[in-house]
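> starting from these lines, generate the structure:
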Amino acid sequence: MHHDKTPLKKRYDLLLLGALVLAGLGLTAFVLLSRMNSSSDGLTVTIRQDNEVIATLPLDEDATYAVQGEDGVTNLVVIEDGTVHMEEADCPDQLCVKQGKIRYAGDSLICLPNRVVVEISGEDEQALDAVAK
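Sure, this is the predicted structure:
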């Protein structure tokens, strides 16, 4: 009976595997905590209709903005507690309402039938890009 690895090599393999798993968990925890702890200070909400900016609002101030379309269509955008959501929309599929709340730079809400895009942008977008690279 011939063993390919000695017990010492198996132990080092297990230690290496454990170290890699811990490093991966640590990096995941760091990214999640940095996202959770990032405040909405400096982040802005940009609302576009037909690819034109119609409003830019701070994410850290509660507000409600009604987007009125040419055909009388309406989307109600609500900024509340550092999050943004589409409260109401008169589009048939209601997908933009079902998307729920967004809170981080780079997140967006899209209402295709009414041609409305709501996007968060700001300082923490650069930090997340650095972590992703």
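> look up the closest residue to residue 113, ignoring the ones flanking it.
Closest residue to residue 113 apart from its sequence neighbours, by C-beta to C-beta, 6 or more residues apart in numbering: residue 91 at 3.9 Å. All C-beta spots, glycine's among them, are computed from the backbone N, C-alpha and C.
> tell me the SS of that neighbour?
Following DSSP: H, G, I helix; E, B strand; the rest coil, we place residue 91 in the coil state.
> downstream of the longest helix along the chain, the next helix or strand is which one?
Counting residues, the longest helix found in the chain (DSSP state H) is helix 7-37. Once helix 7-37 ends, the next helix or strand along the chain (criterion: DSSP states H and E) is strand 44-49.
> okay, now the sheet partners of that next one, with direction.
For strand 44-49, the paired strands and their directions (DSSP bridges) are strand 52-58 (antiparallel), strand 116-121 (antiparallel).
> between those strands, which one is closest to residue 23.
Smallest distance to residue 23 across the strands paired with strand 44-49 (C-beta to C-beta): 30.3 Å, for strand 116-121.
> can you tell me what sits against the closest one?
By C-beta atoms under 8 Å, 6 or more residues apart in numbering, the residues outside strand 116-121 that reach it are 43-49, 51, 59, 67, 69, 75, 77, 84, 86, 89, 96, 102-111.
> would you mind listing where this structure has pLDDT under the threshold?
For the chain, the stretches with pLDDT under 70 are 1-5, 31-41, 123-133.
> run the last query once more with 80
Within the chain, the stretches with pLDDT under 80 are 1-9, 16-20, 22-41, 70-71, 73, 123-133.
> quick one: the strands paired with strand 44-49 as a markdown table, columns for distance to residue 27 and mean neighbour count too.
A markdown table is the format used below for the strands paired with strand 44-49 (distance: least, C-beta to C-beta, whole Å; neighbours: other C-beta atoms under 10 Å):
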| stretch | distance to residue 27 | mean neighbour count |
| --- | --- | --- |
| strand 52-58 | 31 | 13 |
| strand 116-121 | 24 | 21 |
